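A.B. asks: sequence plus predicted model, see below.
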Amino acid sequence: MSAGQLKAAITPARLLDETGRLVRGASKPDAEALAEGYRKLVFARRLNEQCGALVRQGRLAVYPSSRGQEACQVACASVLSDGDWLFPTYRDTAAIAARGVDPVEVLTLLRGDWHCGYDPNEHKVAPQATPLATQLLHAVGVGHAARLKGEDTVVMALCGDGATSEGDFHEACNFAAVFKAPVVFFVQNNKYAISVPLARQSVAPSLAAKAIGYGMPGFRVDGNDLPALEKVLGEAVARARAGEGPTLVEADTYRIESHTNADDASRYRADDEVADWLPRDPLLRVKAYLTAVGALDDEREREITAAAEEMAAAVRAGVGAETSADPEEIFAHLYSTPTPQLAEQRAALRAELDLEEA
Amino acid sequence: MSAGQLKAAITPARLLDETGRLVRGASKPDAEALAEGYRKLVFARRLNEQCGALVRQGRLAVYPSSRGQEACQVACASVLSDGDWLFPTYRDTAAIAARGVDPVEVLTLLRGDWHCGYDPNEHKVAPQATPLATQLLHAVGVGHAARLKGEDTVVMALCGDGATSEGDFHEACNFAAVFKAPVVFFVQNNKYAISVPLARQSVAPSLAAKAIGYGMPGFRVDGNDLPALEKVLGEAVARARAGEGPTLVEADTYRIESHTNADDASRYRADDEVADWLPRDPLLRVKAYLTAVGALDDEREREITAAAEEMAAAVRAGVGAETSADPEEIFAHLYSTPTPQLAEQRAALRAELDLEEA
Amino acid sequence: MSAEKMTMAQAINAALRDAIAQDDSVVVFGEDVAQLGGVFRVTDGLHRDFGESRVFDTPLAESGIVGMAVGMAMNGMRPVVEMQFDAFAYPAFEQIVSHVAKLGNRTRGKVRLPIVIRIPYAGGIGGVEHHCDSSEAYYAHTPGLTVVAPATNADAYGLLRAAIAGSDPVVFLEPKKHYFAREEVDVSVAVPPIGRAVVRRPGKDATLIAYGPSVPVALAAAEQAATEGRDLGVVDLRSIVPFDDETVCAEVRKTGRAVVVAEAPGFASVASEIAARVGERCFHHLEAPVRRVTGFDVPYPPPKLEHHFLPGVDRILDAVDTLQWEDAA
Amino acid sequence: MSAEKMTMAQAINAALRDAIAQDDSVVVFGEDVAQLGGVFRVTDGLHRDFGESRVFDTPLAESGIVGMAVGMAMNGMRPVVEMQFDAFAYPAFEQIVSHVAKLGNRTRGKVRLPIVIRIPYAGGIGGVEHHCDSSEAYYAHTPGLTVVAPATNADAYGLLRAAIAGSDPVVFLEPKKHYFAREEVDVSVAVPPIGRAVVRRPGKDATLIAYGPSVPVALAAAEQAATEGRDLGVVDLRSIVPFDDETVCAEVRKTGRAVVVAEAPGFASVASEIAARVGERCFHHLEAPVRRVTGFDVPYPPPKLEHHFLPGVDRILDAVDTLQWEDAA
Ligand SMILES: Cc1ncc(C[n+]2csc(CCOP(=O)(O)OP(=O)(O)O)c2C)c(N)n1
Ligand SMILES: Cc1ncc(C[n+]2csc(CCOP(=O)(O)OP(=O)(O)O)c2C)c(N)n1
Ligand SMILES: [Mg+2]
Ligand SMILES: [Mg+2]
């Protein structure tokens, strides 16, 4: 534990400042890769907006938006290889989409059709976790199993600032450190757990500083700075892949919208605070940088916007499509062979339904 | 978070070296107070021995010995005032006795007479906790309640190295830090959790280093050095009393005996390791120091030994005394007013017993 | 004070408010209960009116919340804690089962824990997984806990006041789907104590036994049955532990037929207990087996399927139909 | 291999050993299971023989153990984890109830969790508080779990092999008091599958229904009753979920009388479920109410009082005596 390590866990790393200028001493990000990142940011933002609209139209029951956190959403997916795993929360729909899962499948949960609409094995994305911090342990298990099998899989495990208070966060970090599991714990510190501000969650110098107590490296990074996130997370992934164990990364970011549409953030935070964060928008600074270095012009911007609109249209169409839920499905998946009790109950429900239809 | 603080959490503080010499730069402990501490050490050791004997005689079902950890046991009790609270584990019988509870009452649990044999309110000692780390949260609650009531109570919460891996340890430390609760978390790192060595529990630079992640001071101290323990714990108590919040103190010590008499430590550790720790006996070094400074002579030693023998005799007599357990007591305390269901069940048991007696 | 229309959320809010005002040792805490007033607004305004020392938010950790409540109760306070949703009480399970339920017994009554654990529970609100569990069986099976489940807003007020005022730990199950339903409540009128069931509707032909969110469903079924010429009574348990054998058995002995209605999966549940008890205690009065109409033995389904899971009027009436009416004639 | 005298601890050890040897994906982990071989020596020698990658100790955290098992199962392994004692599984309750039990369902069967959670459970060994809980009701009530409780050493071997080989999560309850009791076991003889009860003793007059540690007690009671001229049958459930209605009902219909025996507190328990089911399904065959002989609704008592709590032969026979024999004549 050196002073430098302590500093890295407390002072957020940055590559681009809020105006999109490279910070002193930073090495230039690859413009083409960053332009691709920008495209993903635009997609993530558009997805957030589209989902918000779908909620207002009553087509989604609820949506926890990651507006303002899009750089985190994009970065955590982009640093992974195909064989790696992503463990998202309810707020990480955009990250899952960035990983390549069809957003319509992801939204199955929030449409109320089923608990999880995608096949976790297909894209190596775990179901979106609702019970906070619980998924971090699953992530450690996937990683440890990979290591036992001699595979170089890396697992990206997401959670919020609030979730770091849960016992499972502690157990997951500690297990990962003790077993040197190839896990990157990525905390999106968006300053609130529903209404509860960070100060009520922790009085530590940073959340990344918790890494010290597990004997793993901890880094704090500007969560609205895509290239900085990709750098810090990418290095953590590389360490994990190399067998050097887990890393805890905290992103300093902000939840621009309410917790979900069902929440009213005005009850617990001042508009000023939100206003302060708006100029730190993760899209703006990448756009400014790319424009400045000539890697983004109006045409490319239009092309990206159009593609994002196409994605949004597909989401609208997909979420809007009629689905026919099968009532009997509630019995179908619980056991690989149904118990006699479930078979009986299923038959009873079927009889009811037949009667209704008759 | 300064480099000095980091060092204090990693390098064990010491006042007396293993030969009982004052370490360089340390200020002299008060000899009379230390002699009193020595007396308590002898008592604690004698109690451990007596309980071991009672187990061998079949008078106690089981005994988790704190042999080798007596300095911790004595120090954590001696730094408390009457109004303060102690939250012990199953291993802390000697600490509870040092706090003034009659060991015979404490041993009610291990005799199998009842779950807890003393009145927690009388000496402000919580029942000995078996489910690991759970009691740390209770300690925080007692402390926070005291603070809300404007009382200057301090709570000393004990646990082992193994227990630091539990989620409740994390939640307790974090709650205490966030609420600035007057709690001293005192981890007796005796290097084993039953058979599991420290290295499988944590790869952090120290357990005290976990404090950093909660934003509280953390200190590591030689757990076999009574004056050092009293200093570090005493300062932590003073901070808590002054409203400065919790402290995490880790004692570097060693469990000389098996986990309990039911355990066979030879299955998981080498005799050499134990042999290495024997010269670091917490009694020896205090005795050496006191003798060197002339605060302990043969007469005083004899007086202490005799008093300890008296205590041991009382424990033997108390534990040996016939007790008449009342079967109906299993219904007596569950609710302040028994439910009709329990009244019915109690009557049924009474009828059975009456029948047996008839 | 006279009768007022209020929702169950408001009734509970009033109970908390009155308890805090009346007794200095009452403290309310949990996740989002202070500034926000709870995700269901049950604690709305309490933080503003009573301040941080009486109503406060905690870090996000349920074991922590319940464990801290244990300590605060040990030190003379009466904590009322909120678990944000039913399934989010599970991280606190060990604290509830091994300490909240047992510490009084452990210490021979020297330590009493007047803790109320409020749990917004059960379904019918279109909530996603983990937000609609009916978890009462876990608590009811655990000796040492008192388990209360109000079905009316007046009971929500009165039973919560009693729970807070008592000396023992109470798991207080608040049917979410009632939170925003308005009823007349006169808080100055005492409700029967915890442990007493109430016959919500007398009936001659069969007895429906229910609690919490299933009571209005049972009442609706009885209403419907009446139009079809069958006279069903409804017993509202109000508390699961203690259990009011007397009231339940008196009703069932009158009718000779019983249907237990509960939302939780039926296997090894509170409904099982009721059926077993009634079978044991009313055996010679029964004209037909005691039927259970419960949730299926599956996890709570996604919103679009929940209505297939929930015991509804039709399913209750179907069960009533199986009570061997021919034989009994 | 032919019959060998072994203890239940040895039978379970053999099952683990054979499973590890046969299937590379089986891993065993928990607290003290490696070097020490478990506090009950159930995993003795496995670490030595199969090494750290197959059998390993974890940090001391039960939620961590079960949560990690979930992830390992997601990644193709078959974790067999040990909770050191019954009450020490409670910290893992959320992982068990919200994930182990539900992840298969959540993912429409795309993810299966072949996890076995071994729990040394129940009492009769003079253990102190938290070391003797009968916690099966918590698991049996949770849809998605398979709950197995062997009563014989042969079943301990066979059912554990089946549990490890299956695709679904199993809570495997090992009656502690059997760990050191020797019986003939022939591991090469297959036992009936999980879900099938076994009639351990046929009987004409009444049926005792039991599982796990209560089976030998029920058998002893039947033995004793026989000397008094009463012919009691004993059904050993073997698994609580799935439940073998067929075998249980067939026996009860023959005798018309049933007593359920279980160590756990009776309220809202597995015994309640059995009594309710039997009451519902065998109503017209019953000559007397179904009786339950269970632990009282109190925390497990201290060692010196446990014998008053445990259902014993006398209490079972007393219950049998209440089965209205006069009427039935
Ligand atoms: C175990 C558990 N407790 C409580 C909740 C209810 N809840 C849902 S989201 C939330 C806040 C989470 O905050 P944070 O971890 O910061 O994530 P964010 O929503 O800000 O992304 C709470 C309390 C839950 N889902 N799980
Ligand atoms: C929640 C829980 N899990 C498991 C156990 C079983 N157990 C009793 S003591 C022990 C080891 C504890 O080690 P440590 O915390 O280092 O304390 P020590 O015994 O060394 O004083 C274990 C695993 C328990 N008591 N509680
Ligand atoms: Mg947050
Ligand atoms: Mg230890």
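C.D. replies: Yep, it's here. Ligands and ions are numbered 1, 2, ... in the order given.
A.B. asks: got the contact list for residue 50?
C.D. replies: Just so you know, I chose chain A. Residues in contact with A:Gln50, defined by C-beta atoms under 8 Å, 6 or more residues apart in numbering or on different chains, are A:312, A:315-316. Quick note: C-beta positions are derived from backbone N, CA and C, even for glycine.
A.B. asks: not quite, I wanted chain C
C.D. replies: Taking C-beta under 8 Å, 6+ apart, one finds C:20-21 in contact with C:Phe50.
A.B. asks: likewise the one 4 residues further on?
C.D. replies: Taking C-beta under 8 Å, 6+ apart as the contact definition, C:Arg54 lies against C:20, C:26-28, C:46.
A.B. asks: same check on A:Leu136?
C.D. replies: Residues near A:Leu136 by C-beta under 8 Å, 6+ apart: A:87, A:157, A:159, A:163, A:168-169, A:172-173, A:185, D:67.
A.B. asks: confirm that A:Cys159 sits in a strand.
C.D. replies: Yes. The assignment for A:Cys159 (DSSP: H, G, I helix; E, B strand; the rest coil) places it in a strand.
A.B. asks: okay, and the beta partners of it?
C.D. replies: A:Val187 (DSSP bridges).
A.B. asks: would you check that it makes contact with A:Val184?
C.D. replies: No. A:Cys159 is beyond contact range of A:Val184, at 11.6 Å (criterion: C-beta atoms under 8 Å).
A.B. asks: how deep is whichever residue of the stretch 1-150 of chain C sits closest to ligand 4 tucked in, by neighbour count?
C.D. replies: When distances are taken as C-beta to the ion, the stretch 1-150 of chain C reaches nearest to ligand 4 at C:Glu94, 19.9 Å away. Using other C-beta atoms under 10 Å in any protein chain shown, C:Glu94 has 31 neighbouring residues.
A.B. asks: that one: which element?
C.D. replies: Assignment of secondary structure by DSSP states H and E places C:Glu94 within helix C:93-94.
A.B. asks: now the element after that helix, going C-ward?
C.D. replies: The C-terminal neighbour of helix C:93-94 among helices and strands, as given by DSSP H and E, is helix C:103-106.
A.B. asks: what's the mean pLDDT across that next one?
C.D. replies: Mean pLDDT, helix C:103-106: 98.
A.B. asks: how is the chain carved up into domains?
C.D. replies: Just going to use chain A. Segmentation of chain A into domains, based on automatic domain parsing, reads A:3-325, A:326-358.
A.B. asks: sorry, should have said chain C
C.D. replies: For chain C, automatic domain parsing gives the domain ranges C:4-185, C:198-328.
A.B. asks: for ligand 1, which of those is the nearest?
C.D. replies: Among the domains of chain C, the nearest to ligand 1 by C-beta to the nearest ligand atom is domain C:4-185 (3.6 Å).
A.B. asks: how far does that closest one sit from its chain's centre?
C.D. replies: Its chain's average C-alpha position is 11 Å from that of domain C:4-185, according to C-alpha atoms, centre = their mean, to the nearest Å.
A.B. asks: what about the residue nearest to C:Asp318 when sequence neighbours are not counted, distance to D:Met83?
C.D. replies: For C:Asp318, ignoring the flanking residues on the chain, the nearest one in space by C-beta to C-beta, 6 or more residues apart in numbering or on different chains is A:Glu352 at 7.5 Å. Applying C-beta to C-beta, to the nearest Å, the value for A:Glu352 to D:Met83 is 40 Å.
A.B. asks: backbone dihedrals for the nearest residue to C:Ala206 once chain neighbours are set aside, both of them.
C.D. replies: Residue nearest to C:Ala206 in three dimensions, not counting chain neighbours: C:Arg257, with 3.7 Å by C-beta to C-beta, 6+ apart. When read as degrees, to the nearest 10, the backbone of C:Arg257 gives phi -140, psi 140.
A.B. asks: ok, the one 3 residues further on next?
C.D. replies: Here is the backbone geometry of C:Val260 (degrees, to the nearest 10): phi -100, psi 130.
A.B. asks: ok, what's across the strand from it?
C.D. replies: Note on C:Val260: beta-bridge partners C:Ile209, C:Arg292, judged by DSSP bridges.
A.B. asks: any idea how far A:Ala177 is from it?
C.D. replies: Using C-beta to C-beta, we find C:Val260 at a distance of 50 Å from A:Ala177.
A.B. asks: make TSV out of the contacts of C:Arg54 and add secondary structure.
C.D. replies: Shown next, in TSV, are these (three-state DSSP):
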residue	secondary structure
C:Ile20	helix
C:Val26	strand
C:Val27	strand
C:Val28	strand
C:Leu46	helix
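A.B. asks: if we can go back for a sec, pretty sure the residue of the stretch 1-150 of chain C closest to ligand 4 sits against D:Pro91.
C.D. replies: Yes. Assessed by C-beta under 8 Å, C:Glu94 is found in contact with D:Pro91 at 4.7 Å.
A.B. asks: need the overlap of contacts for the two.
C.D. replies: Listed as contacting both C:Glu94 and D:Pro91 by C-beta under 8 Å, 6+ apart are B:131, B:168, C:63.
A.B. asks: then the helix or strand where the last one lies to CSV, C-alphas only?
C.D. replies: Secondary-structure element containing C:Ser63, defined by DSSP H and E: helix C:62-74. Coordinates of each C-alpha in helix C:62-74 appear next as CSV, following Å, rounded to 0.1, in the frame of the first residue of the first chain:
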residue,chain,number,x,y,z
GLU,C,62,-31.2,-4.5,5.9
SER,C,63,-29.2,-6.7,8.3
GLY,C,64,-27.7,-3.5,9.5
ILE,C,65,-31.0,-1.8,10.0
VAL,C,66,-32.5,-4.7,12.0
GLY,C,67,-29.3,-5.4,13.9
MET,C,68,-29.0,-1.8,14.9
ALA,C,69,-32.7,-1.9,16.0
VAL,C,70,-31.8,-4.7,18.3
GLY,C,71,-29.1,-2.7,20.0
MET,C,72,-31.3,0.4,20.2
ALA,C,73,-34.0,-1.6,21.8
MET,C,74,-31.5,-3.1,24.3
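A.B. asks: average pLDDT for that helix?
C.D. replies: 98.
A.B. asks: check whether that helix contacts chain A.
C.D. replies: Yes. Counting by C-beta under 8 Å from any C-beta of the partner chain, chain A has neighbours in helix C:62-74: C:63-64.
A.B. asks: ok, and what's touching the following helix or strand past that helix?
C.D. replies: Going down the chain from helix C:62-74, the next helix or strand is strand C:78-82, by DSSP H and E. Strand C:78-82 is touched from outside by B:141, C:16, C:19, C:23, C:25-31, C:33, C:38, C:42-43, C:65-66, C:68-69, C:72-73, C:114-120, C:164, with contacts defined as C-beta under 8 Å, 6+ apart.
A.B. asks: between the two ends of stretch C:168-178, how far is it?
C.D. replies: The separation between the terminal residues of stretch C:168-178, taken as C-alpha to C-alpha, to the nearest Å, is 26 Å.
A.B. asks: that one vs chain B: in contact?
C.D. replies: Yes. Using C-beta under 8 Å from any C-beta, stretch C:168-178 reaches chain B at C:Asp168.
A.B. asks: avg pLDDT for that stretch?
C.D. replies: Stretch C:168-178 comes out at a mean pLDDT of 98.
A.B. asks: name the helix or strand for the residue in chain A that chain D sits nearest to, please.
C.D. replies: Here the residue of chain A nearest chain D is A:Gly141; by C-beta to the nearest C-beta that distance is 2.0 Å. Assigned by DSSP H and E, A:Gly141 belongs to helix A:134-149.
A.B. asks: A:Ala251 now?
C.D. replies: Counting by DSSP H and E, the element that carries A:Ala251 is strand A:247-252.
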